[in-house]
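Asks: What follows is a predicted protein model with its sequence.
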Amino acid sequence: MRPVYGLGAFIPIALVLDIVGAAPTLVFTASALGVVPTAALMSDATEHLAARAGPGIGGLVNVTFGNAPELIIAIFALADGLQEVVKASLVGSIVGNSLLVMGAAMLAGGWKRTRQSFDRTAAQAQTGMLLLTVVALALPSVLELAQHVSLPAVSDVRRTFGHDIQGVSVAVALVMIATYAAGLFFSLRTHRDLFNPAEGQDDLESTWSVRRSVGTLAVSGALVALMSDVLVGSIEHASHDIGLSQFFVGAFVVAIVGNAAEHYVAVVAAAKDKMGLAVNIAIGSAAQIGLFVAPVLVLLSFAFGPSPMALVFNVYEIAALLAAGLVATALVSDGESTWFEGVQLIALYAVVGVVFYAA
């Protein structure tokens, strides 16, 4: 058994601390440590599934389960009326996967190698989805600016918009969900060979079955969601004690915690020279958040919370989305990566973090 699984003891500890109303800092620390072993378990299950079905399906299943905590956390936040925190976490997830996770994967995989190669056509399909995501999310805000309506402020918890922009947000959400469904059909049916190249069968005897791999992913995804929920419940008070804004917490802390599973898996995959799987996880997860999670939350906001959530972001979020999409696409779409390209992505993520902290 891997040593990291020993941190699983923090899962019940975090639950007990949360139930008895312990100090937010203790609950935060315990639940954060509890996320680590569940992410490691998800990494193992994804690796076995990828060996059976190819990195495309393995990456797809991983980002699906990996984004479950993000969706669950956001639903709770919507119910509490924290719409701007939800939008900040969505932006943070897209930016984090595109820059931090992809950068860390390139750095870990390329440090002892001259370069790593992966399928260029598949990478361009993923980055194309990412560009579509960031542009589609930014355009409703452009419409508001064109109509001389101010964008949300960093300090806003919730901002109510008119029925027109709510209708536009719903229409954009439906288009994005349809595009996501088309992307699944493209990667799993018509162009499956691009995302699921033929793999060697030498080690299949020691590989978990598909049923066991998927079942383990389901269990680990549920545990990540549970720990993430406890973690976020303590973040507000803990962040207040150390002077962090809810905007920064949503964009960085919640986003990193909610997507810890695929962060871990992508870096491990790249370190094992499985860069195709790392790209599928990092870029695919970023696109899935924008094309599926965000639109679903727009539709769910009509049932949860005091008012519907419009796809209108503040100026910092728009700039971060566009920068992450453009830079990640430029560095990934050629089908090759080096450790220095990873450093560049991480550097841009650090710059975004500095600006968000100062906002």
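Replies: Received, thanks.
Asks: Show me the helices in the stretch 51-200 of the chain, by range?
Replies: With DSSP state H, counting those that start in this stretch as the criterion, the stretch 51-200 of the chain has helices at 55-66, 68-79, 83-95, 102-110, 120-146, 163-185, 192-195.
Asks: give the contact list for residue 110.
Replies: 116, 270, 337, 338, 339, 340, 341, 342 (CB atoms under 8 Å, 6 or more residues apart in numbering). No exception for glycine: its C-beta is placed from N, CA and C like everyone else's.
Asks: you'd agree residue 102 is up against residue 266?
Replies: Yes: judged on CB atoms under 8 Å, residue 102 makes contact with residue 266 at a distance of 7.5 Å.
Asks: Overlap in contacts, the two.
Replies: 278, 282.
Asks: Which one of the two is surrounded by more residues?
Replies: Per other CB atoms under 10 Å, whichever of residue 102 and residue 266 has more neighbours is residue 266, with 36 against 32.
Asks: Residue 286 versus the more buried one, what's the distance?
Replies: Distance of residue 266 to residue 286, given as CB to CB, to the nearest Å: 11 Å.
Asks: what does residue 37 give?
Replies: Distance of residue 37 to residue 286, given as CB to CB: 25 Å.
Asks: of those two, who's got more company?
Replies: Higher neighbour count among residue 37 and residue 286: residue 286, with 32 against 23, using other CB under 10 Å.
Asks: Going by secondary structure, that one is in what exactly?
Replies: Residue 286 belongs to helix 275-288 when assigned by DSSP states H and E.
Asks: can you give me the angle that helix makes with helix 83-95?
Replies: If you take axes from the mean of the first three to the mean of the last three CA atoms, to 10 degrees, helix 275-288 sits at 160 degrees to helix 83-95.
Asks: Show me what helix 275-288 is packed against.
Replies: In terms of contacts (3 or more CB pairs under 8 Å, 6 or more residues apart in numbering; DSSP states H and E), helix 275-288 is packed against helix 24-53, helix 55-66, helix 83-95, helix 102-110, helix 120-146, helix 260-271, helix 315-332.
Asks: The ones you listed: which one's closest to residue 219?
Replies: Minimum separation from residue 219 across the helices and strands packed on helix 275-288 (CB to CB) falls at helix 24-53, 7.7 Å.
Asks: Against which helices or strands is that closest one packed?
Replies: Secondary structure elements in contact with helix 24-53, counted by 3+ CB pairs under 8 Å, 6+ apart, are helix 10-19, helix 55-66, helix 210-242, helix 260-271, helix 275-288.
Asks: hmm, try it at 6 Å
Replies: With contacts defined as 3 or more CB pairs under 6 Å, 6 or more residues apart in numbering; DSSP states H and E, the packing partners of helix 24-53 are helix 10-19, helix 55-66, helix 210-242, helix 260-271.
Asks: Let me know the average pLDDT across the next helix or strand after the longest one.
Replies: Downstream of helix 210-242, the next assigned helix or strand under DSSP H and E is helix 246-248. Computed over helix 246-248, the mean pLDDT rounds to 84.
Asks: do the same with stretch 231-239
Replies: 77.
Asks: Point out where the stretch 201-350 of the chain drops to low pLDDT.
Replies: Across the stretch 201-350 of the chain, the ranges flagged by pLDDT under 70 are 201-206, 258, 261-262.
Asks: thinking again about what came up before, compare the helices of the stretch 51-200 of the chain and give me the one nearest residue 293.
Replies: Of all the helices of the stretch 51-200 of the chain, helix 68-79 sits nearest to residue 293, with 5.5 Å by CB to CB.
Asks: mind listing what the closest residue to residue 259 other than its chain neighbours touches?
Replies: Among residues not flanking residue 259 along the chain, residue 93 sits closest, at 5.4 Å (CB to CB, 6 or more residues apart in numbering). By CB atoms under 6 Å, 6 or more residues apart in numbering, the contact set of residue 93 is 70, 255, 259, 289.
Asks: cutoff 10 Å now
Replies: By CB atoms under 10 Å, 6 or more residues apart in numbering, residue 93 lies in contact with 66-67, 70, 74, 101, 250-251, 254-256, 258-259, 262, 285-286, 288-290, 293-294.
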